[in-house]
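1. next come a sequence and a model predicted from it.
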Amino acid sequence: MRHLRVLLIARGIGVNAMTLELFEEYSLVIGIGGLVLFMMFIVWNLAKESKAGRFGTLILFVALGLGVLGFVVKTVLIEALGMGQ
């Protein structure tokens, strides 16, 4: 019975069928979000082990934040200009 359900979902038949485009969109958001959280942990650990202090830690996180902000702005601009089709 489970194999039949998997086959029906793979063919796009059923109420809970997910399109490949929707799966890719969710995967991108979850994957990038996970990587950003992992990078934040790495930067925090680097700041702690190098005894960077408050200002040094702030600078490290600002640099990471600018990179994340660039990714978000690029995504918003692509969607706003309709170039992502």
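-> It's in. Just so it is clear, the structure is predicted and the values come from calculations on it, not from any experiment.

2. distance of the spatially most central residue of the chain from Phe71?
-> Central residue of the chain (C-alpha atoms, centre = their mean): Ile32, 2.0 Å from the mean position. Distance, Ile32 to Phe71, by C-beta to C-beta, to the nearest Å: 7 Å. Quick note: C-beta positions are derived from backbone N, CA and C, even for glycine.

3. pLDDT weak spots in this structure?
-> 1-17, 84-85 (pLDDT under 70).

4. strands of that one, start to end?
-> Assigned strands in the chain: none (criterion: DSSP state E).

5. what segments of it are helices?
-> For the chain, helices defined by DSSP state H occupy the ranges 2-10, 20-49, 53-81.

6. follow-up on the earlier one: and the residue nearest to the centre of the chain, what does it touch?
-> Ile32 sits next to Phe71 when contact means C-beta atoms under 8 Å, 6 or more residues apart in numbering.

7. switch to 10 Å and redo it
-> With C-beta atoms under 10 Å, 6 or more residues apart in numbering as the criterion, the residues that contact Ile32 are Val68, Phe71, Val72, Thr75.

8. how close does it get to Gly53?
-> From Ile32 over to Gly53 the distance is 30 Å, taken as C-beta to C-beta.
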